[in-house]
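1. model the structure of this input:
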Amino acid sequence: MKASMVWRRAALLALAGMWLGLAGCNTVAGFGQDMSEAGHAIKKAAE
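-> Predicted structure coming up:
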């Protein structure tokens, strides 16, 4: 396979993953809340 095809597929996979991740949060505010909760969970696990 050519290198350009590999990069194109990697970019498409990254874009699809990002799109699905944001779709799960529904809004930018929801994404912020999810990130905050993840931070709290990591902090609790570290203690």
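2. mind giving me the packing neighbours of the helix or strand harbouring residue 39?
-> Residue 39 is part of helix 28-46, with elements assigned from DSSP states H and E. Counting contacts by 3 or more Cβ pairs under 8 Å, 6 or more residues apart in numbering; DSSP states H and E, helix 28-46 is packed against helix 3-25. Yep, even glycine has a C-beta here, placed from its N, CA and C like the rest.
3. residue ranges with poor pLDDT in the protein?
-> Residues of the chain that meet the criterion pLDDT under 70 lie in 1, 24-28.
4. what about 80?
-> For the chain, applying pLDDT under 80 flags the ranges 1-3, 20-32, 47.
5. re earlier: quick one: the helix holding residue 39 to helix 3-25, angle?
-> 90 degrees (axes from the mean of the first three to the mean of the last three Cα atoms, to 10 degrees).
6. let the chain start at 414 from now.
-> Understood, numbering begins at 414; the last thing we discussed is helix 441-459.
7. for helix 441-459, list the C-alpha coordinates in CSV.
-> In CSV, the C-alpha atoms belonging to helix 441-459 read as follows (Å, rounded to 0.1, in the frame of the first residue of the first chain):
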residue,chain,number,x,y,z
VAL,A,441,-19.9,20.7,24.0
ALA,A,442,-21.1,21.4,27.5
GLY,A,443,-21.8,17.7,27.9
PHE,A,444,-18.2,16.9,26.7
GLY,A,445,-16.9,19.3,29.4
GLN,A,446,-18.9,17.6,32.1
ASP,A,447,-17.7,14.2,30.9
MET,A,448,-14.1,15.3,31.0
SER,A,449,-14.6,16.8,34.5
GLU,A,450,-16.1,13.5,35.7
ALA,A,451,-13.3,11.5,34.2
GLY,A,452,-10.8,13.8,36.0
HIS,A,453,-12.5,13.3,39.3
ALA,A,454,-12.5,9.5,38.8
ILE,A,455,-8.8,9.6,38.0
LYS,A,456,-8.1,11.7,41.1
LYS,A,457,-10.1,9.4,43.4
ALA,A,458,-8.3,6.3,41.9
ALA,A,459,-4.9,8.0,42.6
